[in-house]
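Trainee: sequence-free structure coming up:
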DNA sequence: TCATAAGAAAACAGATCTGTACACCCCTGT
DNA sequence: ACAGGGGTGTACAGATCTGTTTTCTTATGA
């Protein structure tokens, strides 16, 4: 039973953390933007770091569900199914307030200062790898390719921050195709 | 004539910014760690953001020179020369205090709050692209591939933050080889 | 020798940060 | 009617942040 207030706080926090970064976003700002009293915020999350962890956990779960359902409801087979997540990058990178991969941003800011946050980002990345491996397996490709596709995926998210990367996405799609057919 | 004090400040600042992040690293810490008085720091750099810009500019120049000389003194030809920068990733990712790509970390933290910093990160990335294009051209490959290699490179740097990626590097090297020979 | 300039050290100003305390309000169940 | 829980709003504590000012020392060059 997710209380609506808690969810609303997580929504606001995720938006601000993603857009402006974790250290740059103060609790006061989240409180003001969400319209929820600070007392309530600290009743739901005992510290800022706990709030960050909750945001990341929820976001990770949501991303997984999205990718799962997208892969399940996909019509095509073979290479098409592997390319689908990469095609979706085009829309993701066009979103307003786009700022790369939330989990890598978190890992970068808390690499040596908060092991829990870093571990959560690591776990999300491992899930991404296993998801790609499952996809590859289902379509009859070597699961080894997951460790090539994963950096490509993350790299495109990273590159899109500083330049239009629709062309990079197109070329990567083609590269994956030739790679899988080789 | 780079004054030694200024260089020393840039060294300390770069180390701390890279390891702990830009917002998380205070001026006081840079001052204490470098042993240089705060007055002197603000004589050389008129603000923290100016210091960050100076750090990034110098780091970008250094990376370019390293890649250039490494590419020039390289003995092999053909695919080997393109693979070389990716092979070097193995050492880079093993460094203590490794924390991904400095420029992408900066872009993430200042995406919507400091256009100058974001622009500098973008420029560095464009240089990386043109460097790869030059390498490809010299070895007789299509320069289009640069936009595939660049995300791979950045993605590996990103992935290495949260998991051992020596295997990912190996598989990526093999993938590049098949990609260029196709 | 003495003037000048540069840097060290530390205090300070003012803002902002996380987190807590306190007083009030309002709604619901008994 | 009324007790109690949950939320609001605000003030506050204590730390830390950027950036300035002030005072003192020290080195150098005429």
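Mentor: Cool, the structure landed. Since this is a predicted model, take the numbers as computed values, not measurements.
Trainee: where in chain A is pLDDT low?
Mentor: Under the criterion of pLDDT under 70, the regions of chain A flagged as low confidence span A:1-3.
Trainee: Could you pull out the strands in it for me?
Mentor: Using DSSP state E, chain A contains no strands.
Trainee: Is any residue of the helix of greatest length in it near chain B?
Mentor: Ranked by number of residues, the top helix in chain A under DSSP state H is helix A:48-73. No. Against chain B, helix A:48-73 shows no contacts by C-beta under 8 Å from any C-beta of the partner chain, the least distance being 12.4 Å. The C-beta positions use only the backbone N, C-alpha and C, and glycine is treated the same way.
Trainee: counting contacts, what elements does that helix pack onto?
Mentor: Using 3 or more C-beta pairs under 8 Å, 6 or more residues apart in numbering or on different chains; DSSP states H and E as the contact criterion, the secondary-structure elements in contact with helix A:48-73 are helix A:4-20, helix A:27-34, helix A:79-94, helix A:102-110, helix A:115-138.
Trainee: so which of these gets nearest chain B?
Mentor: Judged by C-beta to the nearest C-beta, the one of these that comes nearest to chain B is helix A:115-138, at 3.8 Å.
Trainee: Now look at that closest one and say if it contacts chain B.
Mentor: Yes. Taking C-beta under 8 Å from any C-beta as the criterion, helix A:115-138 and chain B are in contact, through A:118, A:121, A:122, A:125, A:126.
Trainee: picking up where we left off before, and among the helices and strands packed on helix A:48-73, the most buried is which?
Mentor: Among the helices and strands packed on helix A:48-73, helix A:102-110 has the highest mean neighbour count (mean count of other C-beta atoms under 10 Å in any protein chain shown), at a mean of 25.
Trainee: distance between it and the chain's centre?
Mentor: Averaged C-alpha coordinates place helix A:102-110 at 10 Å from its chain's average position (C-alpha atoms, centre = their mean, to the nearest Å).
Trainee: From the contact counts, what lies against it?
Mentor: Applying 3+ C-beta pairs under 8 Å, 6+ apart, one finds that helix A:102-110 makes contact with helix A:4-20, helix A:48-73, helix A:115-138, helix A:146-159, helix B:102-110.
Trainee: switch the cut-off to 10 Å
Mentor: The elements that helix A:102-110 packs onto, with contact taken as 3 or more C-beta pairs under 10 Å, 6 or more residues apart in numbering or on different chains; DSSP states H and E, are helix A:4-20, helix A:48-73, helix A:115-138, helix A:146-159, helix B:4-20, helix B:102-110, helix B:146-159.
Trainee: With that, I have no additional questions.
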